[in-house]
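Enquirer: Here is a sequence together with a model predicted from it:
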Amino acid sequence: MEKETAMVGIHAAYPPLPAEPIRVGVVEDDKAMSKIFTDAIAAAGDMRLVFTASSREEALSRLSENTADVLLTDLGLPDGSGLDVISAASARWPDCAILVSTVFGDESSVFRAIEAGARGYLLKDADASQLAHEIRTAHAGGSPISPLVARKILGRINKEEAAAPVEPSDIGLTPREQEVLRFISRGFTADEVAQLIGISKHTVLTFVRHIYRKLEVDSKVEAVNEARRMGLLA
């Protein structure tokens, strides 16, 4: 059984190796931690370090000089917040997978990072030997999340669901369908939803089909927009 703090991705299977090296940027002010990250990237034959930065200002300047497929960034930087780096990188490189690596595991930090554009959230007390796997997972479209952080996300969503008013009976969404809807509205895939709430992917897809039918839509985007319009999502 993996330790509570182990770096794990939502996807259990290892992603395939890319045809071209994964370009990785690292934003980390702690020299020892930065060396751990850069050594792990150097040891991976399918990755190439494109830049490192140790401050918010330096990271923002690097964004205009380089292009990265995966950006690994801290939140607590000596001259400001890593959230600014996440927002800028997300806007400049829409296809870049941004991973947070931080000591801040509080709910506010987690959700602010996700809202800014982060696709994964790893705690620094995790097993650094798994870093290359987490970078590959993010590059392949997954969302690496430390177990403690995943529980915070699940707890927040469950709280929101419990506080939501009862919907009119003609909408007909079951509590489980509402839970799945909340997850997909936040960008989680069927595999990730299945892992988080402990059901099979097939069951998740069944719930999604029921949601589409009840909301009279044909896609995830339409479902999310319609659910927001009807007040089913905050």
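Expert: Arrived safely.
Enquirer: After the host helix or strand of residue 26, which helix or strand is next?
Expert: For residue 26, the element it lies in under DSSP states H and E is strand 22-27. Using DSSP H and E, the helix or strand that follows strand 22-27 towards the C-terminus is helix 31-43.
Enquirer: buried ones in stretch 137-144?
Expert: 137, 138, 139, 140, 142, 143, 144 (16 or more other C-beta atoms under 10 Å). Backbone N, C-alpha and C define where each C-beta goes, glycine included.
Enquirer: Dump the residues you listed into TSV; add secondary structure, distance to residue 197 and pLDDT as well.
Expert: Output for those, formatted as TSV (DSSP: H, G, I helix; E, B strand; the rest coil; distance: C-beta to C-beta, whole Å; pLDDT from 0 to 100):
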residue	secondary structure	distance to residue 197	pLDDT
137	helix	20	92
138	helix	22	93
139	helix	25	94
140	coil	22	92
142	coil	17	89
143	coil	15	88
144	strand	18	90
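Enquirer: can you tell me which two in those residues are farthest apart?
Expert: 139 and 143 (11.7 Å; C-beta to C-beta).
Enquirer: residues contacting the closest residue to residue 33 other than its chain neighbours?
Expert: Spatial nearest neighbour of residue 33, chain neighbours left out: residue 124 (6.7 Å); criterion: C-beta to C-beta, 6 or more residues apart in numbering. By C-beta atoms under 8 Å, 6 or more residues apart in numbering, residue 124 lies in contact with 33, 101, 102, 103.
Enquirer: and of the buried residues of stretch 137-144, the nearest to residue 108?
Expert: Taking the buried residues of stretch 137-144 together and measuring to residue 108 by C-beta to C-beta, the closest member is residue 143, at 19.1 Å.
Enquirer: My read is that that closest one contacts residue 188, right?
Expert: Yes: using C-beta atoms under 8 Å, residue 143 is in contact with residue 188, at 7.1 Å.
Enquirer: and residue 218, how many neighbours?
Expert: Residue 218 has 10 neighbouring residues, counting by other C-beta atoms under 10 Å.
Enquirer: And what about it, helix, strand or coil?
Expert: Secondary structure, DSSP: H, G, I helix; E, B strand; the rest coil: residue 218 is coil.
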